[in-house]
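K.L.:
I'll drop the sequence and a predicted model, then ask my questions.
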Amino acid sequence: MSYVNITIIYPYRLIADVFASAINGLPDFYVAHQIESLKALWESVEATDLILVDSDLLKQSGFRDLPKIQTQFPQVQIVVLGIVSAPEVLIARGCAGYIDLHRGFDEAIHLITRVGRGAAGGILSSSKSASVNALDCLSHRETQTLNLIWDGMTNKEICDFLGVKQQTVSSYVNRLCEKLGVETRNGIFLLSSRLRDKTL
């Protein structure tokens, strides 16, 4: 029998134990690793099919560990557990799913099993955070700047187009990086293929 091998990376043992107990009770699923840090992932896990990871652990590195996980485990599905303001960005960055821990436990297990069986994951948010879309949080000028970046304009060209100083455009770009959860202007541009068609 082939099992979906799951790794849980969660710093609070009690919550990890509850998830592990529920998952191990499912047919075809097995929690092979239950660890408390990303460091332990690099050191002790050789193979896994599905990773459940605490959002706070990812936030500590500014989400820079996400590509590292995807590189070390190229076929793995990643589901983020926790509370983030823009879960759509996690999906755009290649995560299979996001579970807001304010939601019901049964719904969370359902999303995990769906992803483990190869179906689309998605976002399981509380009603409050579901209404908070990263792009809805942008100011009018930030939205304009975002569209111009996606159109391939340089900061200088955006400055001329909007009739503002370059320092102002740099400020918009920095705020966009922060709100969209990316590190660089390039990161904003790369998100375009996944977010733009859906939203703007």
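P.N.:
Alright, I've got the coordinates. Numbers count the residues shown, from 1 in each chain.
K.L.:
what's the offset of stretch 78-86 from the middle of its chain?
P.N.:
Its chain's C-alpha centre and that of stretch 78-86 lie 6 Å apart, by Cα atoms, centre = their mean, to the nearest Å.
K.L.:
now swap in stretch 94-106 and tell me
P.N.:
For stretch 94-106, the distance to the chain centre is 11 Å (Cα atoms, centre = their mean).
K.L.:
How about the contacts made by residue 30?
P.N.:
Residues near residue 30 by Cβ atoms under 8 Å, 6 or more residues apart in numbering: 3-6, 23-24. Yep, even glycine has a C-beta here, placed from its N, CA and C like the rest.
K.L.:
before we move on, what SS does it have?
P.N.:
strand (DSSP: H, G, I helix; E, B strand; the rest coil).
K.L.:
and it, bridged to which residues?
P.N.:
residue 5 (DSSP bridges).
K.L.:
That one and residue 159: what is the separation?
P.N.:
Using Cβ to Cβ, to the nearest Å, residue 30 is found at 55 Å from residue 159.
K.L.:
Please apply the same query to residue 9.
P.N.:
According to Cβ to Cβ, residue 9 stands 42 Å off from residue 159.
K.L.:
Compare the two and say which is more crowded by neighbours.
P.N.:
residue 9 (25 against 18; other Cβ atoms under 10 Å).
K.L.:
For the residue nearest the centre of the chain, list the residues it contacts.
P.N.:
Nearest residue to the geometric centre of the chain (Cα atoms, centre = their mean): residue 90, 2.0 Å. Residues near residue 90 by Cβ under 8 Å, 6+ apart: 66, 80, 84, 98, 181.
K.L.:
Throw those residues into a markdown table and include pLDDT, secondary structure and distance to residue 142, thanks.
P.N.:
Formatted as a markdown table, the contacts of residue 90 follow (pLDDT from 0 to 100; DSSP: H, G, I helix; E, B strand; the rest coil; distance: Cβ to Cβ, whole Å):
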| residue | pLDDT | secondary structure | distance to residue 142 |
| --- | --- | --- | --- |
| 66 | 87 | helix | 23 |
| 80 | 92 | strand | 24 |
| 84 | 80 | coil | 19 |
| 98 | 87 | strand | 23 |
| 181 | 66 | coil | 14 |
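K.L.:
Closest one to residue 38 out of the residues you listed, please.
P.N.:
residue 66 (10.0 Å; Cβ to Cβ).
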